[in-house]
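Asker: structure, please.
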Amino acid sequence: MIVYILANPLAGNGQAFAIIKDIQKTYPQVRIESYLTQRRDDEYRQVKEILSVFQENSDRFLILGGDGTLSKVLSVWPREIPFAYYPTGSGNDFARATGVKDWRQVMEHLLETAPVPICVLEVPDGVVVNSLDIGYPARVIAHSEKSAVKRWFNRLKIGKLTYIFFGIFGLVNASQLSALVKTNDQTRELEHLFFLSIANNTYFGGGIMIWPEAHITKPQMDLVYVSAISMSQRITALLDLILKRHKRSSVLHHVTAERVCLRLPHETVAQVDGELQTITEVAITCQTRYYYLGKE
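Answerer: Numbering: from 1, shown residues only. You can find the predicted model right below:
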């Protein structure tokens with residue numbers, strides 16, 4: 001058996017190098033082959049290199065990086081080949097939802113347990129492992145990407161505070177959106193959107209709960225949206241999310257679906273697993289993957 005590790009050494013606080021060395025020291029009986037991304041979107045080239053030597057019947061695959069790294073890798077990694085994941089990013093919502101806290105735990109799952117089926121979201125350009133969001137969450141990411149604050153917070157090992165900092169800032173500039181959303185066989189025209197999240201995971205934004213019953217092991221996606229005109233409605237929505245008052249909220253709306261088509265009146269910035277894309281229309285379906293989750 002060979003464990004192939006694809007790591008993003010720049011994700012989060014840059015701990016990938018140390019983790020690889022610890023794995024090699026702790027598991028001397030296991031052959032470890034590591035591949036490190038060298039530039040933006042280098043995950044695609046590294047996956048191709050790994051697949052050229054990977055033996056599906058015996059080898060294992062481990063991803064080290066943030067949620068963005070994970071979604072990029074899975075966009076080109078064959079869906080039938082299982083994977084394991086340990087988070088080294090800032091948000092780490094995928095790992096948070098699955099209870100991953102220690103790389104030793106991940107290695108035990110990888111070496112000793114059978115993979116389980118999970119749901120990721122399939123979009124035309126690849127996959128989404130946490131959520132696709134428009135409105136407020138996308139603005140938070142856009143502000144953080146343009147600022148040196150995120151890098152400064154990461155160096156101080158408080159990267160999770162980045163989302164809180166820009167979350168407060170984003171409340172002030174809350175431009176509203178409209179969208180046409182088709183879920184299964186039902187169409188909704190949504191106006192005055194503060195945000196819309198389409199997710200297969202429990203969390204987004206570095207640990208904020210999207211919906212309490214959403215989980216990657218369910219073959220469905222959860223849509224949560226807020227139509228809010230006033231500042232008080234926007235604040236109420238965020239407080240309901242943070243305080244986990246989802247089901248009692250008067251402003252949070254929830255829908256489940258197996259397929260979704262989102263149509264926007266103009267090009268709009270969306271947040272996809274912590275990274276930004278511009279979209280006008282996108283079709284989303286559930287895709288089955290196999291993950292060394294272990295027992296929760």
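
Asker: for the stretch 1-150 of the chain, give me the ranges with low pLDDT.
Answerer: Across the stretch 1-150 of the chain, the ranges flagged by pLDDT under 70 are 12-13, 143-150.

Asker: just the helices from it, written as ranges.
Answerer: 16-26, 43-51, 67-76, 93-98, 103-112, 136-145, 149-155 (DSSP state H, counting those that start in this stretch).

Asker: of those helices, which approaches His192 most closely?
Answerer: Among the helices of the stretch 1-150 of the chain, the nearest to His192 by Cβ to Cβ is helix 136-145 (12.5 Å). Where C-beta positions appear, they are placed from N, C-alpha and C, glycine not excepted.

Asker: and that closest one, C-alpha only, in CSV?
Answerer: Extracted as CSV, the C-alpha positions of helix 136-145 are listed here (Å, rounded to 0.1, in the frame of the first residue of the first chain):
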residue,chain,number,x,y,z
TYR,A,136,-23.9,38.3,1.9
PRO,A,137,-21.5,35.3,2.2
ALA,A,138,-20.0,36.1,-1.2
ARG,A,139,-19.5,39.7,-0.3
VAL,A,140,-17.7,38.6,2.9
ILE,A,141,-15.3,36.5,0.9
ALA,A,142,-14.8,39.2,-1.7
HIS,A,143,-13.9,41.8,0.9
SER,A,144,-11.5,39.4,2.7
GLU,A,145,-9.7,38.4,-0.5
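
Asker: what packs against it?
Answerer: Counting contacts by 3 or more Cβ pairs under 8 Å, 6 or more residues apart in numbering; DSSP states H and E, helix 136-145 packs against helix 161-172, strand 186-199, strand 259-272, strand 275-291.

Asker: could you export these as a markdown table, including mean pLDDT and mean neighbour count?
Answerer: As requested, the helices and strands packed on helix 136-145 are exported to a markdown table (pLDDT from 0 to 100; neighbours: other Cβ atoms under 10 Å):
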| stretch | mean pLDDT | mean neighbour count |
| --- | --- | --- |
| helix 161-172 | 63 | 18 |
| strand 186-199 | 93 | 18 |
| strand 259-272 | 94 | 17 |
| strand 275-291 | 94 | 16 |
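
Asker: which of the helices of the stretch 1-150 of the chain sits closest to Leu276?
Answerer: Across the helices of the stretch 1-150 of the chain, closest to Leu276 is helix 136-145 (Cβ to Cβ), at 5.9 Å.

Asker: that closest one vs strand 259-272, what angle?
Answerer: 30 degrees (axes from the mean of the first three to the mean of the last three Cα atoms, to 10 degrees).

Asker: okay if I get the helices and strands packed on helix 136-145 as CSV plus distance to Pro137?
Answerer: Output for the helices and strands packed on helix 136-145, formatted as CSV (distance: least, Cβ to Cβ, whole Å):
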stretch, distance to Pro137
helix 161-172, 9
strand 186-199, 6
strand 259-272, 5
strand 275-291, 11
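
Asker: which of the ones you listed sits closest to Pro87?
Answerer: strand 275-291 (13.4 Å).

Asker: could you export the closest one as PDB, CA atoms only?
Answerer: The C-alpha trace of strand 275-291 is given here as PDB (Å, rounded to 0.1, in the frame of the first residue of the first chain):
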ATOM      1  CA  GLU A 275     -13.500  31.000  -3.400                       C
ATOM      2  CA  LEU A 276     -15.200  33.300  -5.700                       C
ATOM      3  CA  GLN A 277     -16.900  32.700  -9.100                       C
ATOM      4  CA  THR A 278     -19.100  34.800 -11.400                       C
ATOM      5  CA  ILE A 279     -22.400  33.100 -12.400                       C
ATOM      6  CA  THR A 280     -25.600  33.900 -14.200                       C
ATOM      7  CA  GLU A 281     -27.100  30.400 -14.300                       C
ATOM      8  CA  VAL A 282     -26.100  27.100 -12.800                       C
ATOM      9  CA  ALA A 283     -27.600  23.600 -12.600                       C
ATOM     10  CA  ILE A 284     -26.700  21.600  -9.500                       C
ATOM     11  CA  THR A 285     -27.200  17.900  -8.700                       C
ATOM     12  CA  CYS A 286     -26.100  15.500  -6.100                       C
ATOM     13  CA  GLN A 287     -23.100  13.400  -6.800                       C
ATOM     14  CA  THR A 288     -22.000  10.300  -4.800                       C
ATOM     15  CA  ARG A 289     -18.400  10.100  -3.600                       C
ATOM     16  CA  TYR A 290     -16.600   7.700  -1.200                       C
ATOM     17  CA  TYR A 291     -14.900   9.100   1.800                       C
END
